[in-house]
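>>> build the 3D model from these lines:
(2 chains)
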Amino acid sequence: MTDHTEAITTARDEAGEARYDRTAFLVMLAILVVAPAVVYPVFLMKALCFALFACAFNLLIGFGGLLSFGHAMFLGTAGYLAAHSAKVWGFPTELAILTGMAASTVLGVFAGLLAIRRQGIYFAMITLALAQMVFFYALQAPFTGGEDGIQSVPRGKFLGMVDLTNNTAMYYFVLAIFTLGFLLVYRIIHSPFGQVLKAIRDNEPRAISLGYRTDRFKLAAFVLSAALAGLAGATKAMVFQLASLTDVHWTMSGEVVLMTLLGGLGTVFGPVVGAFVIASMEHYLSELGQWVIIVQGVIFVVCVLAFRRGIMGELEAWLRGRRK
Amino acid sequence: MFDISIPALSGQLLIGLINGSFYALLSLGLAVIFGLLNIINFTHGAQYMMGAFCAYFLLNKLGLGYWWALAIVPLAVGASGVVIERLMLSRLYKLDHLYGLLLTFGLALIIEGAFRFQFGSAGLPYAMPESLTGGFALGFMYLPGYRAWVIVASLVICLGTWFLIERTKLGAYLRAATENPTLVQAFGVNVPRMITLTYGFGVGLAALAGVFAAPIYQVSPQMGSSLIIVVFAVVVIGGMGSILGSVITGFGLGVIEGLTKYFYPEASNTVIFVIMAIVLMIRPQGLFGQR
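This is a model prediction of the structure:
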């Protein structure tokens, strides 16, 4: 799936790559720190949650070569558990988010154990079917509130001190979570574990012949991805004070695929860029209404036919060409 | 649980068989397409929906009834499939198969979105053909004529497809091309054209299922998307290796779903996914799949 990015990473020397990534990261962070002065913070928070969600998804597809078409189940489950624990059990904000994340991690273990038994297209279909099962459960279970969802979830106070009902405070809280998640993904893909994962993606039989238990690596990647997607979902539920069926629906699973594909599969910053582009499209072009889904479909088709490296993949290829 | 009401139970079984015929027709089309193109056709649900809409137009705009629709719709929607294959899918065969999935997913979004834009989410009714409005009193239950027709017709089409692929010369070419396209092409068979027509045929099957569905369900833009996810689970359970396997799995799971609706209705939406999970644990390649 990622033959292009491979060429990019091998061509660029390791030191140069690290320097490039560090600069890009600092630029991104600087933009995000000042952004709420210009842009509506709630929109930014939504985009950040999607960006983290897409980074989690990219960990699986871009570096593990596993296309999950059911990642909404982790986003949604974590959202429901976070909302329920904050509203009904009265958990403080941090603990509610961790509860949601724990729930999606457990779900990730079970879904992962089933899904990694097949590869490629079957893997995608299995994750989609499992996510649909979670959707029907969420539709019927009493605690999720069915069509209404869990509404007016209290945002609470960070560590009992900072009042998160203030949108600016909440924004920096979300930014901190996103940054931690982003750095964790970066750490994972540059660790020995990440290297083995890439080896499995590129040639699984060879990785097996080298003595790696590839199933364990794939499961670990799946669970990590589920946990981070859960972190995004739980945070999103706290931001909007709402956990609803939208987040477990299959269209959400498709949306995260779209964000990552548009930004660049297997690139470090691509998912973030893709998430911001898609979120802006939905936010600023909301008068398009029904057209949004058609536009999304068109972006899918164009990306697959003509733009497979995505925005960041193309940009990196261009920069590499200039450096030579 | 022990005082079983025969009419209610057989009613659910009948619904199960009806759903099963749709599962069978759709998973059969998916299997045929997957065999030769190696892609999973995510647009399948949207093409099933197009079939139902096409029948609706023929009846309400052109005054052509159900029997005309049965003949015209699979050809028309199948032709649209041929265009999609020629213009887009054919560019992806050298790439990872997952790109085919992503492309067809995008197409499904476009088609469904366009229909919803045009017709809203509300369902449109399609009048049942008059010759099939009657029914049979079987003593223990009443069997509506149209439902009996759908079950029998789907069975005939499934078996016909099986015969075409497993017992005719054309089918032999097809199976050979599935195994080794380069070699078959070297023998002078036009493999690219065969691939195009196979895709058109699979899409036509989906559209035909859509025509069957039009008088039973409401004709609506989202009628395909929820169905296709269940059909994916059916395909995972059956494995796509065998034509008869898809047919048996499709009907069998429809019946199991119907039984669940009677005995434990809360689980009727999820029972197929649960079965999928169990099958993955015991026999990951699917009931009829080969490793």
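>>> for the residue of chain A found nearest chain B, what are its contacts?
Using CB to the nearest CB, A:Phe300 is the residue of chain A that sits closest to chain B, at 2.6 Å. To be clear about C-beta, it is placed using only N, CA and C from the backbone, and glycine gets the same treatment. Contact partners of A:Phe300, counting by CB atoms under 8 Å, 6 or more residues apart in numbering or on different chains, are A:Leu258, A:Leu261, B:Leu102, B:Leu103, B:Phe105, B:Gly106, B:Leu107, B:Leu109.
>>> for chain B, what are the nearby residues on the stretch 151-300 of chain A?
A:250, A:254, A:257, A:261, A:290-291, A:293-294, A:296-300 (CB under 8 Å from any CB of the partner chain).
>>> can you tell me which residue of the stretch 1-150 of chain B sits closest to chain A?
B:Gly106 (2.6 Å).
>>> wait, does stretch B:266-280 make contact with chain A?
Yes: under the criterion of CB under 8 Å from any CB, chain A is reached by stretch B:266-280 at B:Glu266, B:Asn269, B:Thr270, B:Phe273, B:Val274, B:Met276, B:Ala277, B:Leu280.
>>> list the contacts of the second one.
Listed by CB under 8 Å, 6+ apart, the contact set of B:Asn269 reads A:Phe136, A:Leu139, A:Gln140.
>>> could you tell me how many residues sit around the residue lying closest to the last one once chain neighbours are set aside?
Distances taken as CB to CB, 6 or more residues apart in numbering or on different chains place B:Glu266 nearest to A:Gln140, at 6.5 Å, with adjacent residues excluded. The number of residues packed around B:Glu266, counting by other CB atoms under 10 Å in any protein chain shown, is 11.
>>> kindly report the same for B:Phe105.
Neighbours around B:Phe105, by other CB under 10 Å: 28.
>>> do B:Gly100 as well
24.
>>> now it, what are its backbone angles?
phi -60, psi -40 (degrees, to the nearest 10).
>>> contacting residues around the worst-scoring helix or strand of chain B on mean pLDDT?
Ranked by mean pLDDT, DSSP states H and E, the weakest helix or strand in chain B is strand B:135-137, scoring a mean of 79. For strand B:135-137, the surrounding residues in contact (CB under 8 Å, 6+ apart) are B:Tyr142, B:Leu143, B:Pro144, B:Gly145, B:Ala148.
>>> the helices in chain A, which residues?
For chain A, the helices defined by DSSP state H occupy A:3-11, A:14-34, A:41-64, A:72-87, A:93-115, A:120-140, A:167-189, A:192-202, A:204-209, A:214-240, A:250-263, A:270-284, A:291-306, A:310-323.
>>> winner for burial among those helices?
Per residue and on average, the most neighbours among those fall to helix A:72-87, with a mean of 30 (mean count of other CB atoms under 10 Å in any protein chain shown).
>>> now that one against helix A:41-64, angle please.
Inter-element angle recorded for helix A:72-87 and helix A:41-64: 140 degrees (by axes from the mean of the first three to the mean of the last three CA atoms, to 10 degrees).
>>> who does helix A:72-87 touch, helix- and strand-wise?
Secondary-structure packing of helix A:72-87 (3 or more CB pairs under 8 Å, 6 or more residues apart in numbering or on different chains; DSSP states H and E): helix A:93-115, helix A:120-140, helix A:214-240, helix A:250-263.
>>> just for chain B, where's the confidence low?
Scanning chain B for pLDDT under 70 picks out B:1-3, B:291.
>>> which stretches of it form strands?
Secondary structure of chain B (DSSP state E): strands at B:135-137, B:142-144.
>>> ok, A:Phe91 touching A:Thr99?
Yes: using CB atoms under 8 Å, A:Phe91 is in contact with A:Thr99, at 6.3 Å.
>>> sorry, back to before: in JSON lines, list the helices and strands packed on helix A:72-87 along with mean pLDDT.
Shown next, in JSON lines, are those (pLDDT from 0 to 100):
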{"stretch": "helix A:93-115", "mean pLDDT": "95"}
{"stretch": "helix A:120-140", "mean pLDDT": "91"}
{"stretch": "helix A:214-240", "mean pLDDT": "95"}
{"stretch": "helix A:250-263", "mean pLDDT": "94"}
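>>> would you reformat those helices as CSV and include distance to B:Ala24?
Output for those, formatted as CSV (distance: least, CB to CB, whole Å):
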stretch, distance to B:Ala24
helix A:93-115, 24
helix A:120-140, 17
helix A:214-240, 32
helix A:250-263, 23
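>>> against which helices or strands is the helix ranked longest in chain B packed?
Looking across chain B with DSSP H, the single longest helix is helix B:6-37. Applying 3+ CB pairs under 8 Å, 6+ apart, we find helix B:6-37 packed against helix B:44-60, helix B:145-167, helix B:169-179, helix B:191-213, helix B:225-238, helix B:243-263.
>>> between those helices, which one is nearest to A:Ile61?
helix B:225-238 (18.2 Å; CB to CB).
>>> would you mind confirming that A:Met259 is in contact with A:Ala275?
Yes: assessed by CB under 8 Å, A:Met259 is found in contact with A:Ala275 at 4.6 Å.
>>> any low-confidence regions in the stretch 151-300 of chain A?
Residues of the stretch 151-300 of chain A that meet the cut-off, pLDDT under 70, do not exist.
>>> ok, for A:Ile189, nearest residue in space, not its chain neighbours?
A:Phe63 (5.1 Å).
>>> isn't that neighbour up against A:Ala221?
Yes: counting by CB under 8 Å, A:Phe63 touches A:Ala221, with 7.3 Å between them.
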